[in-house]
Every structure is written in C-alpha cells, then in structure tokens.
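**Q** quick one: sequence and predicted model below, then my questions.
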Amino acid sequence: MKPHRELSIFRKYLEKRGLKLTSERQALFDELFARHEHFEADELLVRLRTKHKKISRATIYRTLDLLVDSGIVGRVRIGESGYRYERLRAGEHHDHLICNECGRVIEFFEPAIESLQDQVCEKYGFLALSHSHQLRGICRQCRPRVSSREAGRAAAAAAVPGGKLRILPTA
C-alpha cells in the first residue's frame, strides 16, 4: 500500500512554508515509507547512496526535521548517541520499549496505558494533543549479559522518589 495520504500531508506542509518537494526529498520520502523500521539518519544516507541517489547528509537531516515537524515521521531519542526515526501512518499509534544496552526499539500498543493517560488528562483538565511514551530498560536478548547487580543499580538510579507522578508548579 502506497503512502498517498502521508505524501499529501507532506506536500501541503511544504507548500505552507513555501518549500518544494524536490527530487531529493521525494527519494528520501519513498525510501522511508518503503518499509517500517527504526533507523538512524546515516543508515538512510547509506541506503539512498546504494541506490545511486545523490543526496547530502545535510539534506537528509533537514528533510527528516521537516518530516518530523509535519507529523508523518517520528523521532525516538536513543541514549546520548542520537535519534532513530520511523515512518508514521495516519491513524496508527504505538509506544516504545528502548533497550539501554543495544538500542533495540520494540513497538507496543497497550489499551490500558492509553486509558490511564486519558484519565490523567481528564483529572487535571488537560487537553493532550500528542504524546510520546518510551520505557527504557534492558531487552530480553541483553538481559543474560547484564548481571542482576548492574540491573538493580540502573533501576535505582532511574527511579523517581516515591514512585509517583509529581506535578510541578507553573510559574
């Protein structure tokens, strides 16, 4: 299934900003929407150059920023090393489990979490426009390589005091 809706969204986004859908942007869009996976910008650069597409690293980063801003590409922070990107289909939603050891990103959808988010927003009179839910930890494949002590230390360092959501006062 071709991503006609997403391409239309991107075209309209560019037009509103006085930008054009250049051949480089189109090639990047096509490559990105050809499959569903998480990737780094440099991986996309290699894939495009393998296909003999002339595109610079700067153009890839600038176009990825445009795609993220338009809402059809998601950006997931992976530790201190940077970001991974993924294409988003209109109407689809999922959250992420991110392995701190290998960087693996596991997608999941959990109705109970979605329901709880709605309840929290209602309780505080908050209108959520979007959200990004990421759980960081150690994936099944990496757990045997990480000792219990190291995992316990990492969990203690990441824990929020009291384990409760804190509402911070606004200025």
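**A** Here it is on my side, so go on.

**Q** low pLDDT regions in the chain?
**A** 1-3, 79, 81, 89-92, 130, 147-171 (pLDDT under 70).

**Q** show me the strands in it, by range?
**A** 73-78, 82-87, 95-99, 105-108, 134-137 (DSSP state E).

**Q** take the ones you listed and write them to a markdown table, including distance to residue 23 and mean neighbour count.
**A** (Each C-beta comes from the backbone N, C-alpha and C, glycine too.) Below are these laid out as a markdown table (distance: least, Cβ to Cβ, whole Å; neighbours: other Cβ atoms under 10 Å):
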| stretch | distance to residue 23 | mean neighbour count |
| --- | --- | --- |
| strand 73-78 | 19 | 18 |
| strand 82-87 | 19 | 18 |
| strand 95-99 | 32 | 18 |
| strand 105-108 | 30 | 14 |
| strand 134-137 | 34 | 13 |
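
**Q** so what's the residue count around residue 110?
**A** 11 (other Cβ atoms under 10 Å).

**Q** ignoring the adjacent residues along the chain, who's closest to it?
**A** Spatial nearest neighbour of residue 110, chain neighbours left out: residue 95 (7.1 Å); criterion: Cβ to Cβ, 6 or more residues apart in numbering.

**Q** just checking, that neighbour touches residue 134?
**A** Yes - between residue 95 and residue 134 a contact is recorded at 7.0 Å, counting by Cβ atoms under 8 Å.

**Q** what pairs with the residue nearest to residue 110 across the strands?
**A** residue 108 (DSSP bridges).

**Q** how is the chain carved up into domains?
**A** Residue ranges for the domains of the chain, per automatic domain parsing: 1-92, 93-171.

**Q** from residue 45, how far off is residue 19?
**A** As judged by Cβ to Cβ, to the nearest Å, residue 19 and residue 45 stand 21 Å apart.
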